[in-house]
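A.B. asks: model this:
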Amino acid sequence: MTSYSFKHIWTYSCPKCRMSKMFKEPFMVMKPLDMNDRCTNCNQSFEPEPGFYFGAMFLSYGIACLVYLPLALLLVFYFDWTINSMLAFVFFLYFAFFFKLLRISRSLWAHLMIKYKPSRR
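C.D. replies: Next up is the predicted model:
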């Protein structure tokens, strides 16, 4: 049975041991997806094969649709916002959380594809 922990996905922990971070710190806007090559604890490669994170692109699209489409419909049909004001607000939110969405989708994809094996220390 696989155990998914949203805390570890949200904090970009290693999907195999959940002890170290997937992404390099500190965050740099010019390199938002700059990742460590391997986990410092369990030596798990964070890019096990070329194109590994291609599926994360689809996750990112799906998450954005699930969040922003209902929000847009709610603003227009329930709160009577104009289309232009709704689009401006949704675009603002999208760009405000763009880098978080990129990293979350990569972290989620890695946690879905790499089996969790806690260390026996």
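A.B. asks: CA only for contacts and neighbour counts going forward, please
C.D. replies: Fine.
A.B. asks: Might you report the residue contacts of the most centrally placed residue in the chain?
C.D. replies: Closest to where the C-alpha atoms of the chain average out (Cα atoms, centre = their mean) is residue 104, at 1.1 Å. Neighbour list for residue 104: 9-10, 12 [criterion: Cα atoms under 8 Å, 6 or more residues apart in numbering].
A.B. asks: Those residues in helices, which ones?
C.D. replies: 9-10 (DSSP state H).
A.B. asks: Show me which of the contacts of residue 104 are buried.
C.D. replies: 9, 12 (16 or more other Cα atoms under 10 Å).
A.B. asks: what's the closest of the contacts of residue 104 to residue 95?
C.D. replies: residue 10 (18.4 Å; Cα to Cα).
A.B. asks: what's the spacing between that closest one and residue 107?
C.D. replies: Distance, residue 10 to residue 107, using Cα to Cα, to the nearest Å: 8 Å.
A.B. asks: so where do the helices sit in the protein?
C.D. replies: 6-10, 54-73, 83-96, 98-113.
A.B. asks: Single out the most deeply packed of those.
C.D. replies: Most buried of the helices of the chain by mean neighbour count (mean count of other Cα atoms under 10 Å) is helix 98-113; its value is a mean of 20.
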